[in-house]
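**Q** Using only what follows, build the 3D model:
(2 chains)
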2 protein chains.
Amino acid sequence: MSILVVGSVALDSVETPFGSVKEALGGSATYFSISASYFAPVNLVARVGEDFPNDYTAILKRHGIDIRGLEVAKGQTFQWKGKYGYDLDDPETIYTHLNVFENFSPKIPVEYKRSDVVFLANIDPELQSYILRQVDKPRLVACDTMNYWIESKRQKLQELLKNIDIFIINESEVRELTQESNLLKAGRAALRLGPKKVIIKKGGNGVLSFSKNCAFSAPAYLLESILDPTGAGDTFAGGFIGYLRKSGRFTSDTEIRRAIIYGTIMASYTVEDFSIKKLDSISYSEIQKRYHDYNRLTRY
Amino acid sequence: MSILVVGSVALDSVETPFGSVKEALGGSATYFSISASYFAPVNLVARVGEDFPNDYTAILKRHGIDIRGLEVAKGQTFQWKGKYGYDLDDPETIYTHLNVFENFSPKIPVEYKRSDVVFLANIDPELQSYILRQVDKPRLVACDTMNYWIESKRQKLQELLKNIDIFIINESEVRELTQESNLLKAGRAALRLGPKKVIIKKGGNGVLSFSKNCAFSAPAYLLESILDPTGAGDTFAGGFIGYLRKSGRFTSDTEIRRAIIYGTIMASYTVEDFSIKKLDSISYSEIQKRYHDYNRLTRY
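**A** Here you go, the predicted model:
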């Protein structure tokens, strides 16, 4: 069985103090799909414009990602440009051109409808709910969101969260959503909105996960060089969901913890280079090796 | 055998958004001593003024801390006042009155000279070296420092570090000392200054530790309520050194990792209340329970 992901496929221009790229392959669904593809088959739903380079389509195909749901629409591909400072924290957005993504309201291809795991990447929560209604009884549904939707569509987001198993969100977003600055309180407050599990991404400070009866804290993998954090959160989600899909034990606390570590490992590759350069070029045995290195880094 | 600690015993006035205290028991050697006292005997060297309350001396005694090295000098006790914002990060210093601490240049009592573990809390690195010369062949020497000494006495600090086994420092300090913003690089650069092990404190984001061939990353304990972070770093050092002294296996990587977790657990008590209120009132079995809770929080 496959993972269905719906999100953006974009052309990203990024500047950091360590370099820059122009119109590189980006977007939440891109990072998620490539990351998850190391573990399980992925069905991608997104929309690009006629300008979307064949080379980029080829990258997705090479990872075995099913792109029958990648619609090519009249017009231009979603473009984002961001600039990071030395702390590589919140980037300044130079521009966001939604282009063909503006009226994105996807019909899920018939072939995808029986995907048993669904990841709703960061898009309008109304659209996330609309997509979810099109899928036949998925066994596991996860989603992400962002401050923009928390501020502009809180009600719709809260309706969506009632139907979500795993809510993946970053620390500033969960604080804004729950109005709690303490992350333990924020995690518990987010659980009360409906999801069975809340995973809080803390960037270079690792990940926290909460469910009704337990909490898990995992530090980040240690890296000597970080060039560009763009896509780290979606790559985390891809590794996390990918591992869980591969394991098939969606409610095992042990497997969920391991999945969080695999998500962490996958994100560590993304930040080591711009766009998907590093993520695109690794092997499954390298991932396994880094997982073992992570064990050595954290076991006591 | 005992732990010798040299540092400050002070009267702290602290304001946070969650409350305040006036002239409460504080100082690096205070937090260190009380924390370490849960694990091993502590010999304290510090200097207070005639105004130092008997109640505070009684607290130190109650923890079995040997205070023959706590000199009462003519004049007033070291006073510090700080104010924290909502993030409970770097406090604004309202005042620092060194008072009797100004010309502190301690002779180590004869009874203390055979302490086999020495912790040189954050004081002038020249003084740290001076103290170290007075101790007979200690088996383990650890020290802390601060930005002020990195800026004003870098040379003397670097001389000291050649004689240090374990260097405990916070993340902004190690970045300043090594001129490396990446913590993996900074940790390795700090190792090249002489210490066999470098432990980097990241506050609410946990601890990193580096030695020649290995790195260890431990997240913080999760707390629902943090009132005042003052003293957390020294409390960490006290739990860390205390556990190591109790274990006696100073070079075992396994024991050093466990010691880091005990340091983390001890620091979690300090931040839960102002001054030493919480740290003062716990039991060894509570510490053990929190250690097990930490296992549940981090194992995978």
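**Q** which bits of the stretch 151-300 of chain A sit near chain B?
**A** Proximity of the stretch 151-300 of chain A to chain B is confined to A:181-185, A:202, A:205-206, A:208, A:214-220, A:222-226, A:254, A:257-258, A:260-261, A:296-300 under the rule C-beta under 8 Å from any C-beta of the partner chain. (Glycine included, C-beta is placed from N, CA and C.)
**Q** do you know how far the residue lying closest to A:Cys143 once chain neighbours are set aside is from B:Gly7?
**A** Nearest non-adjacent residue to A:Cys143, counting by C-beta to C-beta, 6 or more residues apart in numbering or on different chains: A:Leu120, 4.0 Å away. Note on A:Leu120: its distance to B:Gly7, by C-beta to C-beta, to the nearest Å, is 53 Å.
**Q** cool, and A:Phe216?
**A** Remark: distance between A:Phe216 and B:Gly7 (C-beta to C-beta) = 36 Å.
**Q** Check A:Arg245 too.
**A** A:Arg245 sits 53 Å away from B:Gly7, taking C-beta to C-beta as the criterion.
**Q** Next: A:His63.
**A** 56 Å.
**Q** When the two are compared, which one has more neighbours?
**A** Each of A:His63 and B:Gly7 has its neighbours counted (other C-beta atoms under 10 Å in any protein chain shown); B:Gly7 has more, 27 against 17.
**Q** Got the phi and psi for that one?
**A** With angles defined as degrees, to the nearest 10, B:Gly7 sits at phi -180, psi -160.
**Q** same question, A:Glu224
**A** Main-chain torsions, A:Glu224, degrees, to the nearest 10: phi -80, psi -20.
**Q** and the stretch 1-150 of chain A, which residues reach chain B?
**A** Selection of the stretch 1-150 of chain A residues close to chain B by C-beta under 8 Å from any C-beta yields A:Tyr86.
**Q** What lies in contact with whatever helix or strand A:Glu286 lives in?
**A** A:Glu286 is part of helix A:284-298, with elements assigned from DSSP states H and E. If you take C-beta atoms under 8 Å, 6 or more residues apart in numbering or on different chains as the criterion, helix A:284-298 is touched by A:38, A:218-219, A:221-222, A:261-262, A:264-266, A:268-269, B:214-218, B:298.
**Q** Mind doing that once more with 10 Å?
**A** The contact list for helix A:284-298 (C-beta atoms under 10 Å, 6 or more residues apart in numbering or on different chains) reads A:35, A:38-39, A:206, A:218-222, A:239, A:243, A:258, A:261-262, A:264-266, A:268-269, A:282-283, B:208, B:214-219, B:253, B:257, B:298-300.
**Q** Derive a ChimeraX selection command for the buried subset of those.
**A** Here is the ChimeraX selection string for the buried members of the contacts of helix A:284-298, based on 16 or more other C-beta atoms under 10 Å in any protein chain shown:
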select /A:35,38,39,206,218,219,220,221,222,239,243,258,261,262,264,265,266,268,269,282 /B:208,215,216,217,218,219,253,257,298,300
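**Q** Among the contacts of helix A:284-298, name the ones in helices.
**A** Among the contacts of helix A:284-298, the members found in helices (DSSP state H) are A:35, A:239, A:243, A:258, A:261-262, A:264-266, A:268-269, B:253, B:257, B:298.
**Q** right, and out of the residues you listed, which lies closest to A:Leu191?
**A** Set against A:Leu191, the nearest of the ones in helices among the contacts of helix A:284-298 by C-beta to C-beta is B:Thr298 (19.8 Å).
**Q** any idea of the pLDDT on that closest one?
**A** B:Thr298 is assigned 98 on the pLDDT scale.
**Q** same check, this time on A:Asn213
**A** As predicted, A:Asn213 sits at a pLDDT of 88.
**Q** burial count for it?
**A** 6.
**Q** Just to check, it is in contact with A:Asp253?
**A** Yes. At 8.9 Å, A:Asn213 counts as touching A:Asp253 under the criterion of C-beta atoms under 10 Å.
**Q** remind me which residues of chain A are low pLDDT?
**A** Within chain A, no range satisfies pLDDT under 70.
**Q** if we go to 90?
**A** Along chain A, the parts satisfying pLDDT under 90 run over A:1, A:86-87, A:89-90, A:103, A:113-114, A:136, A:213.
**Q** Break down the stretch 1-150 of chain A into its helices, ranges please.
**A** Applying DSSP state H, counting those that start in this stretch to the stretch 1-150 of chain A gives helices spanning A:28-37, A:54-62, A:125-133, A:147-152.
**Q** between those, which one is nearest to A:Glu159?
**A** A:Glu159 lies closest to helix A:125-133 among those, at 6.5 Å (C-beta to C-beta).
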